[in-house]
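sequence and predicted model, in that order:
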Amino acid sequence: MNTRSEAPALFRADILRGAVVASLAKLDPRTQLRNPVMFAVYLGSILTTLLWVRSPSGGSGESSGFVLGVAAWLWATVLFANFAEAIAEGHGKAQAASLRKSRTEVTARRLTDPKTRETADVPAADLRVGDLVLVRAGDVIPADGEVVEGVASVDESAVTGESAPVVRESGGDRSSVTGGTRIISDWLVVRVATLPGESFLDRMIAMVEGARRQKTPNEIALAILLAALTLVFLLVVVTLLPFSAYSVEVSGAGRPVTLTVLVALLVCLAPTTIGALLSAIGIAGMNRLGRSNVVAMSGRAVEAAGDVDVLLLDKTGTITLGNRQATRFVPADGVSGEDLASAAHLASLADETPEGRSIAVLAKREFGLRGRDLEQIGPHFVPFSAKTRMSGVDLDGRQIRKGAADAVEAHARTLGGTFPDTVREAVRAIAQAGGTPLVVSRDARVLGVIELKDVVKGGIKERFAELRRMGIKTVMITGDNPLTAAAIAAEAGVDDYLAEATPEAKLALIREYQQGGRLVAMTGDGTNDAPALAQADVAVAMNTGTQAAKEAGNMVDLDSNPTKLIEVVHVGKQLLMTRGALTTFSIANDVAKYFAILPAAFASTYPALKTLDVMGLSTPANAILAAVIFNALVIVALVPLALRGVRYRPVGAAQLLRTNLLVYGVGGLLVPFVGIKAIDLLLSLFTG
Ligand SMILES: Nc1ncnc2c1ncn2[C@@H]1O[C@H](COP(=O)(O)OP(=O)(O)OP(=O)(O)O)[C@@H](O)[C@H]1O
Ligand SMILES: [K+]
Ligand SMILES: [Mg+2]
C-alpha cells in the first residue's frame with residue numbers, strides 16, 4: 001500500500017493554524033520585498049494607516065470610517081497573500097515531517113579491514129564518503145551509498161511509503177541504497193556516497209519543505225511582468241493627482257482626488273490576484289508531485305514537464321522487470337552443452353551483474369558446475385561495459401568472452417574465426433521472442449548462445465497509450481540488439497526505438513531532439529544512463545537505480561515506475577495552466593474594476609465619467625471600498641484553486657487554451673460586476 005499518494009485535505013486544521021501565524025510573520029518587510037506587486041499593496045496599507053492616524057476625523061473631506069476601511073482591507077489583502085503562500089508551505093512541511101520521522105540516529109559498522117571483515121562502531125554522523133560499512137538484517141542503513149558486496153532485501157517504506165521489500169545487490173542497476181531504510185534479510189557491504197546531512201533524505205526534506213525552492217525562469221519572467229504592470233499603474237495614478245487638482249482649480253467644481261482613493265485605485269488596478277497567488281501555485285505543484293511519490297530537485301524541471309514532447313526510456317529495468325535471468329544454453333554444432341556452459345560459467349565468475357550471476361546459477365543447476373579455484377592460474381577478468389557489450393576472462397592464455405552477438409562476432413573475426421549459421425539462427429529466434437541472446441566464444445571459436453529472459457512490466461502498454469493522447473512520443477533506447485528491441489517495443493507499445501545504443505548514442509539522440517526544439521524527458525536507472533539523464537530537460541531517475549543516475553537526474557521516482565512521467569507531466573501542465581488561468585483572471589478582473597472605481601473617484605471632477613458607472617453603486621466612498629474589499633476577497637476565494645490546480649484533460653493544447661481563456665477571461669470580466677455590486681449593497685445597508 002502506498003501511504004503517501006493520497007491527497008491530504010486541502011485545509012487541515014493544524015496546517016491552517018500554522019498558516020495564520022506564518023501570515024503574520026511574513027509581514028516582515030524583507031519578506032514582502034520579494035514580491036513587488038504585494039509590496040506595493042503593503043506600502044499602500046502603511047500609507048493609508050498613517051493617513052488615518054494623522055487625521056482620523058478626515059482632513060480632506062473623507063469620513064474617517066472610509067480611510068480606516070480602506071486601510072484595514074489593504075492589510076487584509078496583504079495577509080491573504082501571505083496566507084496563500086503559508087498554507088502551500090504548510091502542506092510541504094507536513095510531507096517533510098513524515099519523512100523526518102524516518103531519519104533516526106544510527107550507529108554504523110565501519111569496516112576497518114575489508115579482508116577480515118573487522119568492523120568498528122561509529123556514529124553515522126562520523127562517516128565519510130568512500131567509507132565501507134557492513135549492514136546486517138535488522139540494521140538501518142546509515143548513509144546513502146552503493147552496494148559493493150552482497151544481496152539483501154531492503155524495506156524502503158520510510159522513503160517510498162511502499163511496504164513491499166526490494167532487492168538491493170552489487171553490480172547491476174539496483175545497487176544504490178538510501179540512508180534511513182532498513183535491511184530485512186541477509187547483509188550488504190555499502191560504500192558511503194554522501195556526507196551526513198547531504199543525504200538523499202535530507203535533500204528530499206529540504207526540497208518538500210521549500211527551503212531549497214528557487215523561483216523558476218518562467219515564474220521570474222511573470223513576476224517581472226507583473227511588477228512592470230504595477231509600476232505603470234503607479235505612474236498613471238501618481239500623475240492623476242496634479243491632474244485632478246488642476247481641473248478642480250480651473251473649473252472651480254468638484255473636489256480633488258485624495259491620497260486614500262489613489263492608493264485604492266492603484267491596488268485595484270495592479271495584478272494583485274496573481275501577484276498574491278503566484279508563489280503558492282509553484283509550491284503547490286511541488287507538493288502534488290510529492291504526493292505521487294516523485295521528488296523534484298528543481299521547480300524548473302516540474303515546469304519543463306508541462307511542455308515535454310518526447311519521452312526516452314531505457315529498456316532493461318525500466319520497460320522490463322530487469323532481472324534478466326539465464327534460462328537456456330544453445331550450443332553451436334559440434335559443441336557439447338557442458339562445454340558451452342563451462343565457458344559461460346568461467347566468463348561469469350567475476351561478473352557481478354544480475355545477468356552474470358544468473359549464468360553461474362544456471363550452469364550449476366544444469367551441469368553441476370561450481371566455483372573453481374582459479375588463484376594459481378592467475379585469471380585476468382574483463383568486466384562488462386556498456387561500450388564493449390562483452391565480458392569474460394583471459395585464462396591459461398585463452399580468451400573467453402560472452403556478450404551481445406555483434407560484439408562477440410566482431411571479436412571472434414579479429415581472431416580469425418567465423419560465425420556459424422546455426423548460432424546466428426538461435427540468436428535470431430531468441431531475440432524475436434524478446435529475449436536477450438548472449439553469444440559465448442573461446443578464442444576464435446563461437447561456442448553457442450545463452451538465452452536471457454526478461455519480462456515486460458504489467459500495464460505498461462495502456463500507460464504509453466495515455467502518453468500518446470497527451471501528445472508525447474515514447475522512444476525506447478537500449479543497448480540490446482535490434483530484433484530484441486523490436487519485439488519488446490511492440491509488446492510494450494512504444495512509438496519508436498533505438499537499438500545497440502551506447503551511452504554516447506543515447507546522449508546524441510537527446511541532443512538531436514533538443515536541437516529540433518523539442519523538450520525531452522528521460523527515465524533511467526543505470527550508471528550508463530547518467531550522461532543522458534544529465535542532458536535531458538526532465539530526468540526522472542528510478543529510486544532503485546544507481547547513485548550516479550540519481551545524481552544526474554532532476555527528479556527521483558520513489559516508486560521506480562517508468563510511466564510515472566504521466567503524473568509528472570500532469571502536474572507540470574496543471575502548474576502552467578493554473579498560472580496562466582489565474583493571470584488571465586487577474587487581469588480581466590482588474591479591467592472590470594475600472595468601471596467601479598474610476599467614476600467614483602473622478603465623477604465630481606469629470607462628470608462625463610458618470611456614463612462609465614454602469615453598476616449604479618450607492619456612493620463614491622462605498623464604490624471604492626467595495627472594489628477594495630472585492631479585490632481582497634477574490635484572493636481568498638481562489639486559494640483552493642491555486643493549491644489544487646485547474647483540471648487537466650489530455651486534449652490538444654489549442655483547445656485547452658481556448659476553454660481556459662473563455663472561462664477565466666470572460667469569468668474574470670463578469671465576476672467583479674456581481675461581486676462589487678453585492679458588497680456595495682451590503683455597505684449601503686450599514687451606511688444608510
Ligand atoms: N554481464 C554481461 N556480460 C556480457 N554482456 C552483457 C552483459 N550484460 C549485458 N550484456 C550485453 O550487452 C548489451 C548491452 O547492455 P546494456 O546494459 O548497455 O543495455 P541493456 O541493458 O540491454 O539495455 P538498456 O540500455 O535498456 O538497459 C546487452 O543487450 C547484452 O547483449
Ligand atoms: K487588483
Ligand atoms: Mg542496462
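Structure received. Numbering: from 1, shown residues only. Ligands and ions are numbered 1, 2, ... in the order given.

show me the shaky parts of the stretch 201-350 of the chain.
207-208, 210-214, 252-254 (pLDDT under 70).

are stretch 658-675 and ligand 2 in contact anywhere?
No: Stretch 658-675 lies out of reach of ligand 2 by CB under 5 Å from the ion, never closer than 9.7 Å. C-beta: built from backbone N, CA, C; applies to glycine.

for stretch 571-588, that is, sorry about that
No: counting by CB under 5 Å from the ion, ligand 2 is not contacted by stretch 571-588; separation bottoms out at 6.8 Å.

what's next to that stretch, contact-wise?
218-219, 222, 271-275, 277-278, 281-282, 285, 288-289, 292, 302-308, 538, 638, 641-642, 645-646, 648, 656, 660-661, 663-669 (CB atoms under 8 Å, 6 or more residues apart in numbering).

dump that stretch to PDB, restricted to CA.
Provided in PDB are the C-alpha atoms of stretch 571-588 (Å, rounded to 0.1, in the frame of the first residue of the first chain):
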ATOM      1  CA  VAL A 571       1.400  18.100 -12.500                       C
ATOM      2  CA  GLY A 572       3.600  20.200 -14.800                       C
ATOM      3  CA  LYS A 573       0.800  21.000 -17.200                       C
ATOM      4  CA  GLN A 574      -1.500  21.800 -14.300                       C
ATOM      5  CA  LEU A 575       1.100  24.100 -12.900                       C
ATOM      6  CA  LEU A 576       1.500  26.000 -16.200                       C
ATOM      7  CA  MET A 577      -2.300  26.100 -16.800                       C
ATOM      8  CA  THR A 578      -3.100  27.200 -13.300                       C
ATOM      9  CA  ARG A 579      -0.600  30.100 -13.500                       C
ATOM     10  CA  GLY A 580      -2.000  31.000 -17.000                       C
ATOM     11  CA  ALA A 581      -5.600  30.800 -15.900                       C
ATOM     12  CA  LEU A 582      -5.100  32.900 -12.800                       C
ATOM     13  CA  THR A 583      -3.100  35.500 -14.700                       C
ATOM     14  CA  THR A 584      -5.900  35.800 -17.200                       C
ATOM     15  CA  PHE A 585      -8.500  36.000 -14.500                       C
ATOM     16  CA  SER A 586      -6.500  38.600 -12.500                       C
ATOM     17  CA  ILE A 587      -6.000  41.000 -15.400                       C
ATOM     18  CA  ALA A 588      -9.600  40.600 -16.700                       C
END
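
how about the residues of the stretch 201-350 of the chain near ligand 1?
314-316 (CB under 6 Å from any ligand atom).

burial count for whichever residue of the chain sits closest to ligand 2?
Residue of the chain nearest ligand 2, by CB to the ion: residue 272 (3.8 Å). Using other CB atoms under 10 Å, residue 272 has 28 other residues around it.

just to revisit the earlier point, out of the residues of the stretch 201-350 of the chain next to ligand 1, who's the most crowded?
Busiest of these [other CB under 10 Å] is residue 314, holding 28 neighbours.

for that residue, phi and psi?
phi -90, psi 160 (degrees, to the nearest 10).

tell me the pLDDT at the residue lying closest to it once chain neighbours are set aside?
Nearest residue to residue 314, sequence neighbours excluded (CB to CB, 6 or more residues apart in numbering): residue 524, at 5.0 Å. With respect to pLDDT, residue 524 scores 84.

for residue 620, see how far away whatever residue of the stretch 51-200 of the chain ends up closest to ligand 3 is.
For the stretch 51-200 of the chain, the residue closest to ligand 3 is residue 173, as judged by CB to the ion, at 5.9 Å. Residue 173 is 71 Å from residue 620, where distance means CB to CB, to the nearest Å.

can you check residue 24 too?
Distance from residue 24 to residue 620, by CB to CB: 33 Å.

of the two, who's got more company?
residue 620 (19 against 12).

now the more buried one: closest residue in space, sequence neighbours ignored.
residue 600 (3.9 Å).

contacting residues around the residue positioned nearest the centre of the chain?
Nearest to the mean C-alpha position of the chain, by CA atoms, centre = their mean, lies residue 296 at 3.4 Å. The contact partners of residue 296, by CB under 8 Å, 6+ apart, come to 207, 286, 289, 302, 554-555.

so which of those residues sit within strands?
Here DSSP state E is the test, and the contacts of residue 296 give residue 555 as lying in strands.

what's the most distant pair in the contacts of residue 296?
286 and 554 (12.4 Å; CB to CB).

which parts of the stretch 551-688 of the chain sit against ligand 2?
Residues of the stretch 551-688 of the chain lying near ligand 2 by CB under 5 Å from the ion: 590, 631.

pull the number of nearby residues for the residue in the stretch 551-688 of the chain that ligand 1 sits nearest to.
Nearest residue of the stretch 551-688 of the chain to ligand 1: residue 562, at 10.7 Å (CB to the nearest ligand atom). Per other CB under 10 Å, the neighbour tally for residue 562 reads 25.
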